[in-house]
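Quick one: sequence and predicted model below, then my questions.
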There are 2 protein chains.
Amino acid sequence: MSFPPDATLADAGEFGLISELVALFPQGDHVLIGPGDDAAVLRVKSGHVVVSTDLMVEGRHFRRDWASAADVGHRAAAQNLSDINAMGGRASSLTVGLAAPADLPVQWALDFARGFAEECALVGASVVGGDVTRADQVVIAVTVLGSCTQAPVVRSGARAGDVLAICGRQGWAAGGLSVLGRGFRSPRVLVEAYRRPEPPYDAGRVAAEAGATSMIDISDGLLAEAGHLADDSGVAIDVQASAFEVPEPLQAVGAALGADPMQFILGGGDDHALLATFTGRAAVPDGWTVIGAVTEGSGVTVDGAAYEGPTGWTHF
Amino acid sequence: MSFPPDATLADAGEFGLISELVALFPQGDHVLIGPGDDAAVLRVKSGHVVVSTDLMVEGRHFRRDWASAADVGHRAAAQNLSDINAMGGRASSLTVGLAAPADLPVQWALDFARGFAEECALVGASVVGGDVTRADQVVIAVTVLGSCTQAPVVRSGARAGDVLAICGRQGWAAGGLSVLGRGFRSPRVLVEAYRRPEPPYDAGRVAAEAGATSMIDISDGLLAEAGHLADDSGVAIDVQASAFEVPEPLQAVGAALGADPMQFILGGGDDHALLATFTGRAAVPDGWTVIGAVTEGSGVTVDGAAYEGPTGWTHF
């Protein structure tokens, strides 16, 4: 089936849309029964499954005028794949629910699905099921399944004496979002970082194999996520601002907006960098940068003091 | 933490809400890591996992003035548990995403979660993860995981010569919905059937063990779902209207509304009865009723002729 360029979801109908969408999702060998039945059936060799779910709401987590449908697809997949990464695992299968207004262009849904599938292909994961229905605004619900080759790394294992390390770009997406929010489209590299985050998909497994004591992905802000590690582990975490090199585009945005570029790094999310603790500098794998220390106590400080800037994102 | 009776989600905040919700979800022995980390980790002994996902949108799939929050929770769980049932499997774990306006009462979210957990407890399944975020209307995204003790039963296995059989109430929820749509609250048994469907949770496994050749759950209407079996199997299905006893409350509603009560049975969904095919009457297990026949050809007929009434529900 193909639709005219201006066709809407209402024109396509549920089953026309589903059949077009399903065709965009190649199925891995582990998929015993793929999309189209009451449920999918997946082979699981590891004896366990790692599962996470996330919602993305139009106007809150994305805007259709700030990112293309393909970008939104990439981002929706990335933020879920990243949750498996943060356990030290690898994603294998995803389901995706799309609630959308009847006048949403079919092309938007197809481009979204194409971007989603492309991001999943980066880790070899398959989209095995989904649901589409009508709603007043676009809501995207993703669930991701995966597995670990070693013990999953939880948030609660940090101990006093550990070092805190990061892997992946941090602050770029927040810089891009800030630029978009002011009606600009450059620096392009930051805007692109917001539209299509590049989570370090292998870093979680590498960290787990290196003995990471705790790990989390930075979706809601570095200090906020460090706070989760601290709270769940019953420790204090100090982040050393001097450990970060502020990349040139963030310096430029800071200068243009009259803002401290460190606020993007410390408060920004959406890059899906990983934050982990290790027993010492010697245990930190290549590709990771030490940015702080774990001590006895509670809470998160920056250079030993409370941080006054924005520390993260809240969902209500 | 506890909230004043009129507290909203905005008052509770994301983390206050999550901590209250998580406390409502007991974790089974198969849950190695439950809610609260980047992902949950579940033990899988069967070598496979059956997975399905569904969206429910306020104003489309439920109305807050037609059903209590607990009812909506029961129904959201039931329709997903039913998808695993329809493969011949049993659900073990669910994730639930709740997108909602900031002014939604916390109590609604808690009652929803309580109803959801109660329905899951009927099959011994655990709520292992979720997400909450703000949206203009309530959208509920559920993913369910389970497993089968025998080969999953798909939609495509019906063959000419098979019989079509049903297990579970059918038409009751549609009758209840029709009553509510006209501003009435009785017959109460139908309204309750709509608010809290009672899927026959063991019937899928029983049918699979009895050698069901195809199976589907009736969420969008009996004839529509029979159509999926026919299309996917490449066969024709004839439904015999005389095989149904029209229950008294449906007769009463038909008389009151001037409608043929068979339209609730043939066109109604939401009861989550199961529809399956078997190689002959002798193969049909207890609790199932033969309601039709599979022949060569395509499409669905009623008593050998095209059906003129409403045949199901479309999502766009």
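Everything's here; your move.

Validate this expectation: A:Val189 resides in a strand.
No. If the criterion is DSSP: H, G, I helix; E, B strand; the rest coil, then A:Val189 is helix and not within a strand.

Give me the distance between it and A:Arg64.
A:Val189 sits 22 Å away from A:Arg64, going by Cβ to Cβ, to the nearest Å. (Each C-beta comes from the backbone N, C-alpha and C, glycine too.)

can you pull the pLDDT of the closest residue to A:Ala70 other than its chain neighbours?
Leaving out its chain neighbours, the residue that sits closest to A:Ala70 by Cβ to Cβ, 6 or more residues apart in numbering or on different chains is A:Gly115, at 3.4 Å. The model reports A:Gly115 with a pLDDT of 98.

For the stretch 101-250 of chain A, give the residue positioned nearest to chain B.
A:Ala141 (3.2 Å; Cβ to the nearest Cβ).

mind checking pLDDT for that residue?
98.

Any idea how many residues pack against it?
Residues contacting A:Ala141 under the criterion other Cβ atoms under 10 Å in any protein chain shown number 31.

Next: A:Pro5.
8.

Would you mind measuring from the closest residue to A:Gly234 other than its chain neighbours to B:Leu21?
Spatial nearest neighbour of A:Gly234, chain neighbours left out: A:Ser298 (7.3 Å); criterion: Cβ to Cβ, 6+ apart. For A:Ser298, the distance to B:Leu21 equals 24 Å [Cβ to Cβ].

between these two, who's got more neighbours?
Neighbour totals were compared for A:Ser298 and B:Leu21, and B:Leu21 leads with 24 against 13 (other Cβ under 10 Å).

What sits closest to the more buried one if chain neighbours are left out?
B:Ala113 (5.0 Å).

in a helix, that's where the one you found is, yeah?
Yes. Assigned with three-state DSSP, B:Ala113 falls within a helix.

Only the C-alpha atoms, please, for the helix or strand bottoming out on mean pLDDT in chain A, written as PDB.
None of the helices or strands of chain A scores lower by mean pLDDT, DSSP states H and E than helix A:9-22, at a mean of 88. Only the C-alpha atoms of helix A:9-22 are listed here, as PDB (Å, rounded to 0.1, in the frame of the first residue of the first chain):
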ATOM      1  CA  LEU A   9      -3.600   8.600   9.900                       C
ATOM      2  CA  ALA A  10      -7.400   8.800   9.500                       C
ATOM      3  CA  ASP A  11      -7.000   8.300   5.700                       C
ATOM      4  CA  ALA A  12      -4.700   5.300   6.200                       C
ATOM      5  CA  GLY A  13      -6.700   3.700   8.900                       C
ATOM      6  CA  GLU A  14      -5.300   1.500  11.700                       C
ATOM      7  CA  PHE A  15      -4.500  -1.500   9.600                       C
ATOM      8  CA  GLY A  16      -3.200   0.300   6.600                       C
ATOM      9  CA  LEU A  17      -0.800   2.200   8.900                       C
ATOM     10  CA  ILE A  18       0.200  -0.900  10.800                       C
ATOM     11  CA  SER A  19       1.000  -2.800   7.700                       C
ATOM     12  CA  GLU A  20       3.200   0.100   6.400                       C
ATOM     13  CA  LEU A  21       5.000   0.400   9.800                       C
ATOM     14  CA  VAL A  22       5.600  -3.300  10.200                       C
END
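
Give me the residues contacting that helix.
Counting contacts by Cβ atoms under 8 Å, 6 or more residues apart in numbering or on different chains, the residues outside helix A:9-22 that touch it are A:1, A:3-4, A:34-36, A:100-106, A:109-110, A:113, A:130, A:132-134, B:314-316.

For these, which ChimeraX command selects only the ones that are buried?
For the buried members of the contacts of helix A:9-22, the matching ChimeraX selection, counting by 16 or more other Cβ atoms under 10 Å in any protein chain shown, is:
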select /A:3,34,35,100,104,105,106,109,110,113,130,132,133,134 /B:315,316
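
Next up, the contacts around A:Thr143.
A:Val51, A:Ser52, A:Thr53, A:Asn80, A:Leu94, A:Thr95, B:Val51, B:Thr53, B:Thr95, B:Thr143.
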